[in-house]
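Trainee: need a 3D model of the sequence below.
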Amino acid sequence: MEDIKNIYLIAICGTGMAALAGLLKGAGHRVSGSDANIYPPMSTLLENAGIPVLPGYRKENITSDIDLVIVGNAVSKTNEEVQAVLDAGLEYTSFPEALAHFFLVGRKSLVVTGTHGKTTTTSLLSWVLQASGRKPGFMVGGWLKNFDNNHQVPEGDYFVTEGDEYDSAFFDKGPKFLHYRPDASILTGIEFDHADIFEDLDQIKDAFRKYVSLIRPDGVILVRHADANIQDVLGEAVCRIETYGYSEGADWRIEDYRFEGGYGFFSLNFQGKKRADFQLAMIGRHNVENAAAVAALCLGLGLTPDEINAAFKSFQGIKRRQEVVGVKNGVTVLDDFAHHPTAIRLTLEAVKEAYPGQRLWAVFEPRSATSRRKVFEQDFPDSFLAADQVVFGGPFASEKIKKEDRLDPERVVDLIRQKGVNANFIAEVDDIVAFIAENVESGDVVLVMSSGGFGGIHQKILDQ
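Mentor: Coordinates of the predicted model:
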């Protein structure tokens with residue numbers, strides 16, 4: 001892949017693909033691409049970067065002057081443009097392979113993996129390195145407010161990547177993170193997810209076993225101490241292993257946590273010896289845990305506690321992660337990406353702590369490939385117990401899932417009610433908005449959770 005100037009991305013509007021396109025453009029390549037679904041925020045990112053995007057997939061788009069085609073995992077071998085690439089004998093690769101080739105070679109690769117908290121932890125690590133003058137490259141699956149972007153071309157030694165366990169391309173069904181050449185890593189936790197590509201938890205553990213074996217012998221992996229599933233995958237690791245968390249046995253132990261005035265305050269001890277006090281501009285005990293992992297990794301890279309703490313205090317967060325969309329007539333509307341039962345529970349607990357004494361609404365759209373399936377039907381009810389009112393929306397595009405595999409939202413709502421929480425199943429967005437408008441009171445907090453746009457429900461609630 002030498003002397004490559006003109007690069008074309010098929011399915012360019014995916015979060016990772018758009019970030020890669022921006023990185024390549026910023027590194028001096030000519031970049032273009034196509035997608036069947038062109039909409040903000042990725043279409044805006046590409047437009048602002050001056051990257052042309054062709055609507056739909058047409059074989060005529062594949063021209064002879066293209067030096068390299070990057071094929072997103074959203075398209076299959078039968079895609080019209082993929083077929084044209086194969087017929088023309090053009091060089092092609094996957095998104096993670098391209099990222100590794102163009103940006104990870106010759107740099108310190110820092111990779112954040114795990115079922116939950118990847119985006120937040122990757123974003124926080126990127127900001128700590130940036131704020132301390134290290135000028136890292138990064139690629140994150142969310143929009144970082146400090147950068148107003150989801151990527152940055154590296155000027156320094158480090159590249160920070162959100163390591164996704166999802167598959168790479170139609171010709172490479174292995175997880176993306178197997179391509180990222182990690183020198184050091186954070187592993188936030190392992191649970192079952194991605195039911196569309198993994199059969200069970202054991203398959204996911206196998207993927208993580210392969211991943212941890214790739215970390216260089218002189219590197220380190222920081223793992224959440226309280227996660228029993230992580231212990232099952234560490235046997236393949238040849239690097240140093242350090243644990244973090246609240247529990248007594250953790251190498252990096254969080255102590256004296258309190259939430260006050262919009263900040264999480266905590267101390268970090270290493271093997272019984274206090275290292276530093278920190279102040280994090282985020283809500284939630286789980287985010288303090290993510291921050292502890294970042295602090296531990298950065299202290300190992302030679303950053304000072306003061307550098308790390310200054311970045312923690314100035315971190316502006318990520319769009320769609322406990323983001324305040326607006327406040328109207330005393331009602332606060334929050335947006336969050338949570339769609340796995342554990343993420344929902346942790347997010348609700350964090351919001352309840354941040355808004356003490358206020359009534360909390362949890363409005364949820366089962367939209368991800370796993371949340372629309374039966375697989376979490378028994379787990380969902382307990383994850384909503386911190387809420388005062390629960391509204392379950394209709395599962396997104398449920399017709400694409402076999403009837404016997406579909407989530408039954410009415411059953412979930414019944415189980416939530418049996419546990420003593422007010423819950424309703426309301427299939428349509430406009431009906432949810434009307435129901436909330438009729439029943440909401442000043443002082444209430446409405447937390448909307450979906451891995452998609454949820455029909456613009458956030459602004460509709462505020463408008464009502």
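Trainee: show me where the stretch 201-350 of the chain has helices.
Mentor: Per DSSP state H, counting those that start in this stretch, the stretch 201-350 of the chain carries helices over the ranges 201-212, 228-231, 285-300, 305-314, 341-354.
Trainee: just list what the first one packs against, helices and strands only.
Mentor: Pointing back at helix 201-212 there. Here helix 201-212 touches strand 172-175, strand 184-187, helix 228-231, going by 3 or more CB pairs under 8 Å, 6 or more residues apart in numbering; DSSP states H and E. Quick note: C-beta positions are derived from backbone N, CA and C, even for glycine.
Trainee: which intervals of this protein have sub-threshold pLDDT?
Mentor: In the predicted model, the chain carries pLDDT under 70 at residues 1-2, 195.
Trainee: quick check, central residue of it?
Mentor: Most central in the chain under CA atoms, centre = their mean is Thr119, positioned 3.6 Å from the mean C-alpha point.
Trainee: show me what contacts the spatially closest residue to it that is not a sequence neighbour?
Mentor: In this structure, Thr119 finds its nearest non-sequential neighbour in Gly142, 4.1 Å apart by CB to CB, 6 or more residues apart in numbering. Going by CB atoms under 8 Å, 6 or more residues apart in numbering, Gly142 touches 15, 119-120, 123, 150, 318-321, 337.
Trainee: in a markdown table: those, plus distance to Asn48.
Mentor: Formatted as a markdown table, the contacts of Gly142 follow (distance: CB to CB, whole Å):
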| residue | distance to Asn48 |
| --- | --- |
| Thr15 | 15 |
| Thr119 | 21 |
| Thr120 | 24 |
| Ser123 | 20 |
| Asn150 | 12 |
| Ile318 | 19 |
| Lys319 | 15 |
| Arg320 | 19 |
| Arg321 | 22 |
| Phe337 | 23 |
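Trainee: out of those residues, who's nearest Gly174?
Mentor: Thr15 (19.6 Å; CB to CB).
Trainee: pretty sure the closest one contacts Met42?
Mentor: Yes. Applying CB atoms under 8 Å, one finds Thr15 in contact with Met42, separated by 6.4 Å.
Trainee: between the two, point out the one with more neighbours.
Mentor: Met42 (24 against 19; other CB atoms under 10 Å).
Trainee: which residues sit in contact with the residue lying closest to the more buried one once chain neighbours are set aside?
Mentor: In this structure, Met42 finds its nearest non-sequential neighbour in Ala18, 4.0 Å apart by CB to CB, 6+ apart. For Ala18, the contacting residues are 12, 42, 45-46, 150, by CB under 8 Å, 6+ apart.
Trainee: Ala18 and Leu9, how far apart?
Mentor: Going from Ala18 to Leu9 by CB to CB, to the nearest Å gives 9 Å.
Trainee: before we move on, what about Thr93?
Mentor: Counting by CB to CB, the gap from Thr93 to Leu9 is 11 Å.
Trainee: what residues are shared contacts of the two?
Mentor: With CB under 8 Å, 6+ apart as the test, Thr93 and Leu9 both reach 69-70.
Trainee: which of the two has more neighbours?
Mentor: Leu9 (27 against 21).
Trainee: for stretch 12-26, buried residues please.
Mentor: 12-25 (16 or more other CB atoms under 10 Å).
Trainee: how about stretch 418-430?
Mentor: 421, 423-426, 429.
Trainee: one step back: between the buried residues of stretch 12-26, which sits nearest Asp157?
Mentor: Using CB to CB, the shortest approach to Asp157 within the buried residues of stretch 12-26 belongs to Leu23, at 16.5 Å.
Trainee: thought that closest one was touching Gly137?
Mentor: Yes. If you go by CB under 8 Å, Leu23 and Gly137 touch, sitting 7.2 Å apart.
Trainee: touching both of the two, which residues are there?
Mentor: Common neighbours of Leu23 and Gly137, using CB under 8 Å, 6+ apart, are 103, 151-153.
Trainee: mind listing which of those are in strands?
Mentor: Under the assignment DSSP state E, those contribute 151-152 to strands.
Trainee: tell me which of the shared contacts of Leu23 and Gly137 is nearest to Glu377?
Mentor: His151 (36.7 Å).
Trainee: skip the chain neighbours and tell me the closest residue to the closest one.
Mentor: In space, His151 is closest to Ala19, 4.0 Å off (CB to CB, 6+ apart).
Trainee: quick one, strands of the stretch 251-400 of the chain?
Mentor: For the stretch 251-400 of the chain, applying DSSP state E, counting those that start in this stretch gives strands covering 252-260, 263-270, 273-280, 323-328, 331-336, 360-364, 389-392.
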